[in-house]
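predicted structure and sequence below. I'll ask about it afterward.
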Amino acid sequence: MKPKKINIKQKLSLFSDHWNPKIIGELNEQYVKLVKFKGQFVWHKHDNEDEMFYVIDGEFKMEFRDRIVDLKPNEFIIIPKGIEHRPVAEKEVSVMLFEPNTTINTGDNTGDLTQKEIQTI
């Protein structure tokens, strides 16, 4: 496979739905995903995977049971496995995710927002 460059802005223009991550790359059994958030996600944790959330456009709050972390463009947060969390965005935010390819978006809280098959764009 030949290396190819990826234009993040162009990839973000391909979708408008919220809480539905899209795969844009893969390395070392990790997916690079793009997702748009708006509103509140579900409280959840990942027992076996760490996650990284990198803000591209907009801002959001990562809620934990004991605190809230505000994230703005060009900032990221790593959520260690086993830590319960919930992203919340008052306005739409575009985020890049780095996480193992086994990661289910809703972790241990499967339901309506769970994405079982993630589209590659």
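Yes, it's here. Computed from a predicted model, the values in this text were never measured in an experiment. Numbering: from 1, shown residues only.

any idea which element the residue most central in space within the chain lies in?
Centroid-nearest residue in the chain: L97, 4.3 Å away (criterion: Cα atoms, centre = their mean). Assigned by DSSP states H and E, L97 belongs to strand 86-100.

could you dump that strand to CSV, C-alpha only?
Provided in CSV are the C-alpha atoms of strand 86-100 (Å, rounded to 0.1, in the frame of the first residue of the first chain):
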residue,chain,number,x,y,z
ARG,A,86,-19.1,11.8,28.8
PRO,A,87,-18.4,14.3,26.0
VAL,A,88,-20.8,17.3,25.9
ALA,A,89,-20.9,20.0,23.2
GLU,A,90,-23.3,23.0,23.3
LYS,A,91,-22.5,23.7,19.6
GLU,A,92,-21.1,21.4,16.9
VAL,A,93,-17.5,20.4,17.4
SER,A,94,-15.3,18.4,15.0
VAL,A,95,-13.0,15.9,16.8
MET,A,96,-10.3,13.4,15.7
LEU,A,97,-10.1,10.2,17.7
PHE,A,98,-7.2,7.9,18.1
GLU,A,99,-8.2,4.5,19.6
PRO,A,100,-7.7,0.8,19.2
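
list the buried ones in that strand?
Within strand 86-100, the residues that count as buried by 16 or more other Cβ atoms under 10 Å are R86, P87, A89, V93, S94, V95, M96, L97, F98, E99. Yep, even glycine has a C-beta here, placed from its N, CA and C like the rest.

which regions of the protein lie under the pLDDT threshold?
Confidence mapping of the chain against pLDDT under 70 gives the ranges 105-107, 109, 113-114.

all strands for it, in order.
Here the chain has its strands, by DSSP state E, at 22-27, 30-40, 51-57, 60-63, 68-71, 76-79, 86-100.

reformat these as a markdown table; add distance to F15.
Listed next are the strands of the chain as a markdown table, based on distance: least, Cβ to Cβ, whole Å:
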| stretch | distance to F15 |
| --- | --- |
| strand 22-27 | 6 |
| strand 30-40 | 7 |
| strand 51-57 | 14 |
| strand 60-63 | 18 |
| strand 68-71 | 21 |
| strand 76-79 | 21 |
| strand 86-100 | 10 |
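
kind regards, and thank you for your time.
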